[in-house]
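A.B. asks: I need the structure of the sequence given here:
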Amino acid sequence: MSQATISAFSAQALPDWRRAVLKVGSSLLADGQGLSPRHALNLAQFVSASQAAGREVVIVSSGAVAAGRALLHRKPAEGAPMAERQALAALGQAQLIGLWQRFFDRPVAQVLLTHDDLRNRRRYLNARATLRELLSLGALPVINENDTVSVDELKLGDNDNLAAVVAALIDADALFIATDIDGFHSANPRTHPDARPIDEVEALTPEFFAMAGGAGSGVGTGGMHTKLEAAAKAAAAGVETFLFNGTRADTIAALAQGTLRGTRFRPAQNRLAARKHWLRSAPVESGGIVVDAGAADALAGRGASLLPGGVVAAEGDFRRGDMVEVLSRDARGDHRIARGIVQYSAVDIRRIARRHSREIEGILGYSYGENVIHRDDLVVL
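C.D. replies: As a prediction, this is how the structure comes out:
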């Protein structure tokens, strides 16, 4: 679509947000000759404006394979062997990070993930802790799929879904997906001139998925269908998704001013409610953590995190990242008061029970933070 044309999508106010994931596809970064700053500059300005307003942004960026291909002056090959695509990704990764770094004064951090990193709860916790620390240090995390070692994920080219998982991982309020069309339509607007723009989607039903087509460009491997999948995943985590045209400078400038011209996908429930629902429904490991009366009151009454000083005992053989129950104990027996994801194994918790958080590293030789269970990972029963 030409920059001169006016978007057919209505202007709508963005909700207030504190932390967001911005997903940028290959079609916005690669032009067949390698990586191009043309559209990346406008997106970087949106990120900078958001950061200046006190917000946090994580970028999920495609483009490594296209960048690697350009270094070797190869044309895209139909059905290229997996090993070749993985080698191109390894070659292009440095180019991709270099492209983003040129737009920011703050350091850009490269984070490579696969879906397996986020399915495994221990690796999930490690990834989340790293990203939170990078944000607290003022860095800009740029995430890409670890294409060099992944198999099915690279084959699917599924950075859209990865962005949705990252949004849930970092407790984001919003997922912004930059693409090369104005938003979601009732049909592919490139082949159906009468396609109707859809400003807002309350719930992603099968009818909406039936409207989605395949990949729209020669450099990217994702299409509208994967964007809808990503929006559905984000909605399940209570995260709103905003789909917009990343090739339009006016659309991106409006976005920085709090106005969306594109499609808004609403979640079924708010982020906190979705998170708490997941914590309540996830399976727990056998055993649990027994806490004293003071800790029980702090958890139930003040929404506090569980610190080692309030732990009386750890029962069972659970590991870091497992979901466990928190129990209070009296003459009548044990009472379930909460459940949550532990930062330390049962073995480690037994060693640090009744101790101050600042003693953890001295006792264990390492530390995953001051909390046994962080309040964001805990639900009171």
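
A.B. asks: Could I get the full set of strands for the stretch 51-200 of the chain?
C.D. replies: Defined through DSSP state E, counting those that start in this stretch, the strands belonging to the stretch 51-200 of the chain, from first to last, are 56-61, 108-113, 140-145, 174-179, 200-201.

A.B. asks: Just say which of these is most tucked in.
C.D. replies: With neighbours taken as mean count of other C-beta atoms under 10 Å, the strands of the stretch 51-200 of the chain reach their highest mean count in strand 174-179, at a mean of 28. Bear in mind the C-beta positions are built from the backbone N, C-alpha and C, glycine included.

A.B. asks: average model confidence for that strand?
C.D. replies: In this model, strand 174-179 has an average pLDDT of 97.

A.B. asks: Which pLDDT value does the model give the most centrally placed residue in the chain?
C.D. replies: Within the chain, one residue has its C-alpha closest to the average C-alpha position: by C-alpha atoms, centre = their mean, that is residue 166, at 1.5 Å. At residue 166, the model reports a pLDDT of 92.

A.B. asks: Can I get the strands of the stretch 51-200 of the chain in CSV including distance to residue 121?
C.D. replies: As requested, those are exported to CSV (distance: least, C-beta to C-beta, whole Å):
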stretch, distance to residue 121
strand 56-61, 20
strand 108-113, 15
strand 140-145, 19
strand 174-179, 22
strand 200-201, 31
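
A.B. asks: out of these, nearest to residue 315?
C.D. replies: Evaluated over these, closeness to residue 315 peaks at strand 108-113, with 33.3 Å, by C-beta to C-beta.

A.B. asks: orientation of the closest one relative to strand 56-61 in degrees?
C.D. replies: Compare the direction of strand 108-113 with that of strand 56-61 by axes from the mean of the first three to the mean of the last three C-alpha atoms, to 10 degrees and you get 60 degrees.

A.B. asks: following whichever strand or helix holds residue 243, which helix or strand shows up next?
C.D. replies: Residue 243 belongs to strand 240-245 when elements are defined using DSSP states H and E. Using DSSP H and E, the next helix or strand after strand 240-245 towards the C-terminus is helix 249-256.

A.B. asks: Who are the packing partners of the next helix or strand after that following helix?
C.D. replies: Per DSSP H and E, helix 249-256 leads on to strand 259-265 as the next helix or strand towards the C-terminus. Strand 259-265 sits against strand 11-13, strand 200-201, helix 224-236, strand 240-245, helix 249-256, with contacts defined as 3 or more C-beta pairs under 8 Å, 6 or more residues apart in numbering; DSSP states H and E.

A.B. asks: switch the cut-off to 10 Å
C.D. replies: Based on contacts counted as 3 or more C-beta pairs under 10 Å, 6 or more residues apart in numbering; DSSP states H and E, the elements that strand 259-265 packs against are strand 11-13, strand 174-179, strand 200-201, helix 224-236, strand 240-245, helix 249-256.

A.B. asks: Mind listing what's buried along it?
C.D. replies: Across strand 259-265, burial judged by 16 or more other C-beta atoms under 10 Å covers 260, 261, 262, 263, 264, 265.

A.B. asks: Show me what the first one is bridged to.
C.D. replies: So that's residue 260. On the basis of DSSP bridges, residue 260 takes part in beta bridges with residue 12.
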